[in-house]
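Visitor: sequence and predicted structure below; questions after.
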Amino acid sequence: GEQVEQRPPHLSVREGDSAVITCTYTDPNSYYFFWYKQEPGASLQLLMKVFSSTEINEGQGFTVLLNKKDKRLSLNLTAAHPGDSAAYFCAVSHSGGSNAKLTFGKGTKLSVKS
Amino acid sequence: GGIITQTPKFLIGQEGQKLTLKCQQNFNHDTMYWYRQDSGKGLRLIYYSITENDLQKGDLSEGYDASREKKSSFSLTVTSAQKNEMAVFLCASSRQRNQDTQYFGPGTRLLVL
């Protein structure tokens, strides 16, 4: 089955620095990709949904890059601020069937120091 | 918009006890999920259901039962709580298709004494 590896497990940056979180996946039929943000004590909130056809996806203060050749998905926070401190999870879905299962990475705990 | 509610918010149990967690959604979504979240291990799928009365095992179904009583509700039972167990159980829902976003509830925090 699909395997998703997320790195790093912990990341500490200073305010204004960039932060990069990367996920690699194994199933070449993976087609839909998701980034979720989980603030301390809260549940998961969708940050961005990415389709296989789009390599560069711009959000507010972040960019999601998809490299299908290398089977790699990355979340790049361009100028981190303390409000970005949270756990981030990538998730991967598949193109076949009606089954809406996701495979999640193990998460990255980001700490942004002011 | 919609909302997912989970009850209870906190659950303290005794070893060997049977514990039930409940989830309700008003998105009118077809599919509902139960995940377990442990520190450093991400989310692991316990059970999911693609429609009322349907039940599908996830990767972590052993030790759990689930029931999709109606489209809007999905309950999870820990059949025998393990001593010192501590985890967060997250309920989610989505439309049926694999490109559809899963929306998560606030979670139930379990502690077994």
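Guide: Good, I have the coordinates.

Visitor: and whatever residue of chain B ends up closest to chain A, what are its bridge partners?
Guide: Closest contact between chain B and chain A, by C-beta to the nearest C-beta, is at residue B:42 (3.8 Å). No exception for glycine: its C-beta is placed from N, CA and C like everyone else's. Here residue B:42 sits in beta bridges with residue B:38, as judged by DSSP bridges.

Visitor: where in chain A is pLDDT low?
Guide: Applying pLDDT under 70 to chain A flags the ranges A:94-100.

Visitor: show me the strands in it, by range?
Guide: A:4-7, A:10-14, A:19-25, A:30-38, A:44-51, A:56-58, A:62-67, A:72-77, A:86-94, A:103-104, A:108-113 (DSSP state E).

Visitor: which of those strands sits most buried?
Guide: strand A:86-94 (a mean of 24; mean count of other C-beta atoms under 10 Å in any protein chain shown).

Visitor: any idea how far the residue nearest to the spatial centre of chain B lies from residue B:46?
Guide: Closest to where the C-alpha atoms of chain B average out (C-alpha atoms, centre = their mean) is residue B:34, at 2.8 Å. Separation of residue B:34 from residue B:46 (C-beta to C-beta, to the nearest Å): 4 Å.

Visitor: check contacts around the residue in chain A positioned nearest to chain B.
Guide: Distance from chain B to each residue of chain A (C-beta to the nearest C-beta) is smallest for residue A:106, at 3.8 Å. With contact set as C-beta atoms under 8 Å, 6 or more residues apart in numbering or on different chains, residue A:106 has these partners: A:5, A:6, A:9, B:40, B:41, B:42.

Visitor: can you tell me the helix or strand for residue B:109?
Guide: Using DSSP states H and E, residue B:109 maps to strand B:108-112.

Visitor: tell me if that strand is near chain A.
Guide: No: using C-beta under 8 Å from any C-beta of the partner chain, strand B:108-112 stays clear of chain A, coming no nearer than 9.3 Å.

Visitor: which residues sit against that strand?
Guide: B:6-15, B:17, B:19, B:21, B:78, B:81-89.

Visitor: can you flag the buried ones in the residues you listed?
Guide: With neighbours counted by 16 or more other C-beta atoms under 10 Å in any protein chain shown, these contain buried members at B:6, B:11, B:13, B:19, B:21, B:78, B:81, B:87, B:88, B:89.

Visitor: who does the third one form a beta bridge with?
Guide: With beta bridges defined as DSSP bridges, residue B:13 has these partners: residue B:112.

Visitor: go ahead and confirm it touches residue B:81.
Guide: Yes: Residue B:13 is in contact with residue B:81 according to C-beta atoms under 8 Å; the separation is 4.5 Å.

Visitor: so for the two, which residues contact both of them?
Guide: B:19, B:110, B:112.

Visitor: residues contacting residue A:68?
Guide: Residue A:68 sits next to A:52, A:55 when contact means C-beta under 8 Å, 6+ apart.
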